[in-house]
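Q: coords below, sequence missing:
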């Protein structure tokens, strides 16, 4: 879980011989070509989706999307303008209103709970943690009906808070598990130093432990965001039509025979682009640890 | 600034392990007190109890004129330097130094003044904007010191702050620490397992073993008048040589040697006379030996013992001469504890000698030019022999051990 931090240049490898270097470079080149091919192959469906979304319906029905590259004149943003002037925008905002609170709440609650499980002594701590981790094995599907009944009783069935609550409840066990294990890896002396410096539990959490957990929080945030953003099942069960997120809106465009590709393609691409932006914004936290230089 | 007083302090961990046992210790205002002992002796636990990072199972700790048993660390007004520095990795040096002051809601200008002052004192001016990862080990150590200094606390607590530095840097940081203490005059409690650090830094040194206080005294007194076998063997490098010997009217006999004891020794060490005709443990410091040839002219009262040299360690200005004597190693529990400490975590680090022999060390002048497998005549300063009770291990005739 913890990333290993090595000081740059700490282990300068000895220079290999010329022949070995040439062989190494050639081998490295081959590997690079191979990796690029795999990457392109993986990107192909997304690329196709993008292209389909910028051709008009008749073109899409008449020929394959790859003909776009020989006839770029097919380019049109009509699908997007149509989509954005339809009711689809409201489902986009529904997705945002479901996803952002679900992610923020999970991170906030899990970070505080993880800190307590990792660093605060209280009776029954390990047992409670065990129970929380045990909740990981509860499948969402078996909770749908009981929760739906409960929501009906509480009067939040169909509402956005209801959907958010469900996502938070089922996101927490894993989030707590992940963050607690990350926090435990932070050297004890760091917390003690903060305590000597005059920090209470909240200050230690907010100024020392949480900032150090950025890599873990970022990866957790991405995962949680993606789960909620891409969720269809919970939205289908708990969200009314007026509160439906994009996934449910797109699903409703599926027909038994044929599909409304002019709506589905740009809609799907829009729902794809936001997580991508987020991922690239935080990607540096995935690749480096922040603990370098703290102790020793 | 404040004095720190420990009265009958106990620390019992869950499971019944007694890490600190009835510790009484008085650290005067402005004093540099070193807690020293082998690993697991409770020195760090004692320090952490003073800091407030460990609960106190029994007894009282006073800082200044206040009992602090139940005060959280932040209300004790003390600063601590950790063995692994524990710098906040996500903050710059400046932020690291200012962190404790910000938490105490100090005005910005005052924080700035103190940070700059501490940075100047420690030679960190050029590094204020750097993060700990971009600093060398010595610089990180200084930042850790600086974080304590800016607080201007009533006492510094240091938990083996130099043990992660390489040997050369450790020596220079040791000197800087001494200077710093001279300059700031803040009460300091310093934990180390290195007896050289203890000797060079401490105004007074407190030797602990298994959570029990052995002796508190100035470094020189610990060296000259250890209270028991353990302290005698722990302080001083190379360590004191021990042997079980017979005390007769005017001397001691062990292996095939017989050393006279000056009459003054019997008056200096009351109670020693009672051991005549009995066995006791004799301790000889390596530095109380000399090569008979280079000691010519000033060997009055020094006894001669011929030995066969097995190993020499040349240190430039002197030579450590290792030789075997025909007497079994002292099996007192303190001596065994010392041997275990010297061996580190391994069960037994020393080579078995067998045949009832034990290995002694003598420190002689390098002019001696002695080589392994030579015969050598050593002289011993018999005025400085140490005598210990074979049962209790207590130093015979030490004021602390004389009843009445």
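A: It's in. In this text, all values refer to a predicted model and were calculated from it rather than measured experimentally.

Q: Which stretches in chain B count as helices?
A: B:43-51, B:93-103, B:108-122, B:137-149, B:167-184, B:195-201, B:219-224, B:229-234, B:263-268, B:333-342 (DSSP state H).

Q: Would you mind telling me which of those is nearest chain A?
A: Chain A sits nearest to helix B:93-103 of all these, at 3.4 Å, using C-beta to the nearest C-beta. Where you see a C-beta, it was placed from the backbone N, CA and C, and this is true even at glycine.

Q: average pLDDT across that closest one?
A: The average pLDDT for helix B:93-103 rounds to 94.

Q: list the contacts for residue 46?
A: Here I'm looking at chain A. residue A:272 (C-beta atoms under 8 Å, 6 or more residues apart in numbering or on different chains).

Q: Wait, chain B was what I had in mind.
A: Residue B:46 makes contacts with B:6, B:9, B:11, B:20, B:23, B:25, B:35, B:191, B:208, as judged by C-beta under 8 Å, 6+ apart.

Q: From the residues you listed, pick the one nearest residue B:87.
A: residue B:191 (19.2 Å; C-beta to C-beta).

Q: I figured the closest one was touching residue B:44, is that so?
A: Yes: judged on C-beta atoms under 8 Å, residue B:191 makes contact with residue B:44 at a distance of 5.5 Å.

Q: what sits in contact with each of those two?
A: When contacts are counted by C-beta under 8 Å, 6+ apart, residue B:191 and residue B:44 have B:159, B:160 as shared neighbours.

Q: Have a look at those two and say which one is more surrounded.
A: Counted by other C-beta atoms under 10 Å in any protein chain shown, residue B:191 and residue B:44 do not tie: residue B:191 has more neighbours, with 27 against 22.

Q: which ones are touching that one?
A: Residue B:191 neighbours (C-beta under 8 Å, 6+ apart): B:34, B:35, B:36, B:43, B:44, B:46, B:47, B:158, B:159, B:160.

Q: beta partners of it?
A: residue B:35, residue B:159 (DSSP bridges).

Q: so can I have JSON lines of the contacts of residue B:46 showing pLDDT?
A: Below are the contacts of residue B:46 laid out as JSON lines (pLDDT from 0 to 100):
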{"residue": "B:6", "pLDDT": "94"}
{"residue": "B:9", "pLDDT": "94"}
{"residue": "B:11", "pLDDT": "93"}
{"residue": "B:20", "pLDDT": "93"}
{"residue": "B:23", "pLDDT": "93"}
{"residue": "B:25", "pLDDT": "94"}
{"residue": "B:35", "pLDDT": "95"}
{"residue": "B:191", "pLDDT": "95"}
{"residue": "B:208", "pLDDT": "94"}
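
Q: Reformat the residues you listed as TSV; add distance to residue A:187.
A: Listed next are the contacts of residue B:46 as TSV, based on distance: C-beta to C-beta, whole Å:
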residue	distance to residue A:187
B:6	27
B:9	26
B:11	22
B:20	24
B:23	27
B:25	28
B:35	22
B:191	18
B:208	25
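
Q: nearest to chain A, of the residues you listed?
A: Distances from chain A to those, taken by C-beta to the nearest C-beta, are shortest for residue B:191, at 13.6 Å.

Q: measure the closest one to residue B:182 for me?
A: Using C-beta to C-beta, to the nearest Å, we find residue B:191 at a distance of 20 Å from residue B:182.

Q: same deal with residue A:240?
A: Residue A:240 is 76 Å from residue B:182, by C-beta to C-beta.

Q: More neighbours: the two, which one.
A: residue A:240 (14 against 9).

Q: Which pLDDT does the model give the more buried one?
A: 88.

Q: likewise residue A:129?
A: 95.

Q: ok, now how distant is it from residue A:177?
A: 8 Å.

Q: Over to residue B:338?
A: In terms of C-beta to C-beta, residue B:338 sits 47 Å off from residue A:177.

Q: Please identify which of these two sits among more neighbours.
A: The residue with more neighbours, out of residue B:338 and residue A:177, is residue B:338; 22 against 19, by other C-beta under 10 Å.
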